[in-house]
Structures are given as structure tokens and as C-alpha cells.
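K.L.:
make a model of this:
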Amino acid sequence: MKKMKTIIYTVLGLLLLSSFKTVANDTLISKHGYSEVNGIKMYYEIYGQGKPLILIHGGGSTIQTTFGRVIPMLAKRYKIIAMDLQAHGRTDDRDTPESFEQDADDVVTLLKNLNISNADFFGFSNGGTTAVQIAIHHPEIIDKIILGSALCKRNGVPVQFWDFMKQATLASMPEQLKEAYLKISPNPKGLQVMQDKDAERMVNFKDIPDGQIESIKAPVLIIIGDKDIIKPEHAIEMHRQIANSELAIIPGVHGEYIEEITTLKYNSYESGFVIPMIESFLDKSKTKQ
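P.N.:
Numbering: from 1, shown residues only. From the prediction side, this is the model:
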């Protein structure tokens, strides 16, 4: 009987959590708009109050497809600032290829436009690689960083990943990401542009030099899934190279630990313990690390 009660209360709790997440994104947002950023109009959203926490989404994604399920949880404690990167979501494109360095410059310029002088950062997947570039080239703006499934070396993913990227087409993009883009973008033709530029950037991906990775001084929390695209060995190597870092390997696939939209079919709720872990990391004083 006691076990049955536990199951019932757990199910009810998860249903309430899911309901909260669905409603909260519409009610928590305090500001949204566009900012002139290095020749493009960058879309951004702001949630909550407190110390700024900057969210940087993954490739082929938007603010909501990457972070929509966890923004309500994080916005209870922090001032969330999230943006759609070049050619993604509501942000327009420029007549140049995408690069992680350019995305890093764009994020930093947006924050300057919003009068944010320093902040914590959470980048997922391609957004994690962008966060690494911010830490390398704009260290003055970073307090702490969460790197979710970030890639720094070509050997950080299986060899077949690169073969897939060479042959990637719009048809191979997850339907959830395509639907999300078309729902919010003023330019439906931009979906193909985004896919092509994302694929080209990955095909041409070059290793981030060891010296640059080792130069990162900010406290870093590295997170991957145990069935992630990113190899555990790569996350461990990053942990060893970044002096002031912590590592968490969470059960699940790429992005499941933050309930990224393509992982919702797994009906997992890892965010229920991952978000408190992130909060604990962000709340630690630097002197204790």
C-alpha cells in the first residue's frame, strides 16, 4: 500500500510539473524583442529576476526547442536571457557562413546592448561550443559556465557523425525542429538556409586548440548524457583540461537532461534533479571552488 501511494504521488507530481512548464513560459516572460547585432536583427527573450543567466540554444533549434521545458524552473532564481542565433528562429541571416566565433561575438554584442556587463552562461550542443568561444575570446563577461554536450574536438563524436553531416539534408532534420522553426519564423524559406549553414559549419569544424581550452579560468560545469552524441571520453578530457571544472554524466540521450524537444518521447524527467544541480553549481562562491 505504501509503495502504491508513492507511485500515485510521483505521477501526480510529474503531471503538475508538466502542467506548470506548459503554462509558465507564457506568463513568466517579462520582455522580448529585437536588437541590432553585428548586421543582423537578433531576437531575444528575458524571463525572471536575479543574476543574469544566458541560455544559448543548439544547432537547428530555437530558444524554446532547446530550453522551453526548463526556463520556468531556472527563471525562479535567475534573470534568464535567451536569444535565437544567426539564421535560427526569429533572427535573420547575414551573407556569411555561420561560425561559433561569430555566434560568440553576436551574443556578447547583444548583452552589451542590454547593458549586461557580466553573467553566467548555459550553452547546449552547438550553443555549448559557442559558450566555449565566449570563454576564450570574451572572458571578462563570464562568471560561470554550464557546457551541455559541447564539442571541442572532432574526435569528441563517433566517426560516423561526420559522414552523416556530409550527407545531411532538410529531410534528415528532426520534424520537431522543422515544425518549431516554421511556426515562428517570418521567412519559411530560411529553414533550408539554416539547415545548409548548420551542416556546412559542422563539416568544416576544426579542433579548438588545447591551449585555448586550458586558458579558460571561469568555473565550468560540463554535462553530457551517457548515451549522448558526445563521447564520455571527450567530456572527461575537457574536464581535465579546464582547471576549475566539474563533470556530470547523466543517464539519457543528447539533451534529455534538459528535456530538449526531440527527447520528449522518452517521458523522462532528468531535469528534476539536473536543474537543482545546476543551481547548486551557480550558487557556489568562487572562493570555495
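K.L.:
so who does the spatially most central residue of the chain touch?
P.N.:
Centroid-nearest residue in the chain, with C-alpha atoms, centre = their mean: Phe124, separated by 2.5 Å. Counting by C-beta atoms under 8 Å, 6 or more residues apart in numbering, Phe124 touches Leu55, Ile56, His57, Gly58, Thr66, Phe67, Gly148, Ser149, Gly255, Ile258, Glu260. C-beta here means a position set from N, CA and C on the backbone, and glycine is covered the same way.
K.L.:
give me the element the nearest residue to the second one once chain neighbours are set aside is part of.
P.N.:
So that's Ile56. What sits nearest to Ile56 in space, not counting adjacent residues and going by C-beta to C-beta, 6 or more residues apart in numbering, is Gly127, at 3.4 Å. Using DSSP states H and E, Gly127 sits in helix 126-137.
K.L.:
where exactly do the helices run in the stretch 1-150 of the chain?
P.N.:
2-28, 63-67, 71-74, 100-113, 126-137 (DSSP state H, counting those that start in this stretch).
K.L.:
helices or strands next to the third one in the packing?
P.N.:
Yep, that's helix 71-74 we're talking about. Packing contacts for helix 71-74, counted by 3 or more C-beta pairs under 8 Å, 6 or more residues apart in numbering; DSSP states H and E, involve helix 2-28, strand 40-47, strand 52-56, strand 79-83, helix 271-283.
K.L.:
same thing but 7 Å
P.N.:
helix 2-28, helix 271-283 (3 or more C-beta pairs under 7 Å, 6 or more residues apart in numbering; DSSP states H and E).
K.L.:
what's the neighbour count on Phe205?
P.N.:
20 (other C-beta atoms under 10 Å).
K.L.:
scratch that, Asp196 is what I was asking about
P.N.:
Asp196: 16 surrounding residues under other C-beta under 10 Å.
K.L.:
what packs against the helix holding Gly127?
P.N.:
By 3+ C-beta pairs under 7 Å, 6+ apart, helix 126-137 packs against strand 52-56, helix 100-113, strand 119-124, strand 142-148.
K.L.:
and of those, who's closest to Gln167?
P.N.:
Gln167 lies closest to helix 100-113 among those, at 22.0 Å (C-beta to C-beta).
K.L.:
what angle do strand 40-47 and that closest one make with each other?
P.N.:
Relative orientation of helix 100-113 versus strand 40-47 (axes from the mean of the first three to the mean of the last three C-alpha atoms, to 10 degrees): 60 degrees.
K.L.:
sorry, back to before: can you give me the buried ones in the helix holding Gly127?
P.N.:
Buried residues in helix 126-137, counting neighbours by 16 or more other C-beta atoms under 10 Å, are found at Asn126, Gly127, Gly128, Thr129, Thr130, Ala131, Val132, Gln133, Ile134, Ala135, Ile136.
K.L.:
just name the closest of the residues you listed to Ser285, please.
P.N.:
Nearest to Ser285 among these, with distances taken as C-beta to C-beta, is Ala135, at 19.5 Å.
K.L.:
now Pro158: phi and psi?
P.N.:
phi -60, psi 150 (degrees, to the nearest 10).
K.L.:
whoops, I mixed them up, Glu237
P.N.:
Torsion angles, degrees, to the nearest 10, at Glu237: phi -60, psi -40.
K.L.:
report pLDDT for it.
P.N.:
Note on Glu237: pLDDT of 98.
K.L.:
for Cys152, see how far away it is.
P.N.:
8 Å (C-beta to C-beta, to the nearest Å).
K.L.:
between the two, point out the one with more neighbours.
P.N.:
Cys152 (25 against 17).
K.L.:
which residues touch the more buried one?
P.N.:
If you count contacts by C-beta atoms under 7 Å, 6 or more residues apart in numbering, Cys152 has them with Thr129, Val132, Ile208, Ile213, Met238.
K.L.:
now swap in Lys153 and tell me
P.N.:
By C-beta under 7 Å, 6+ apart, the contact list for Lys153 reads Asp207, His234.
K.L.:
and it, its phi and psi?
P.N.:
phi -130, psi 150.
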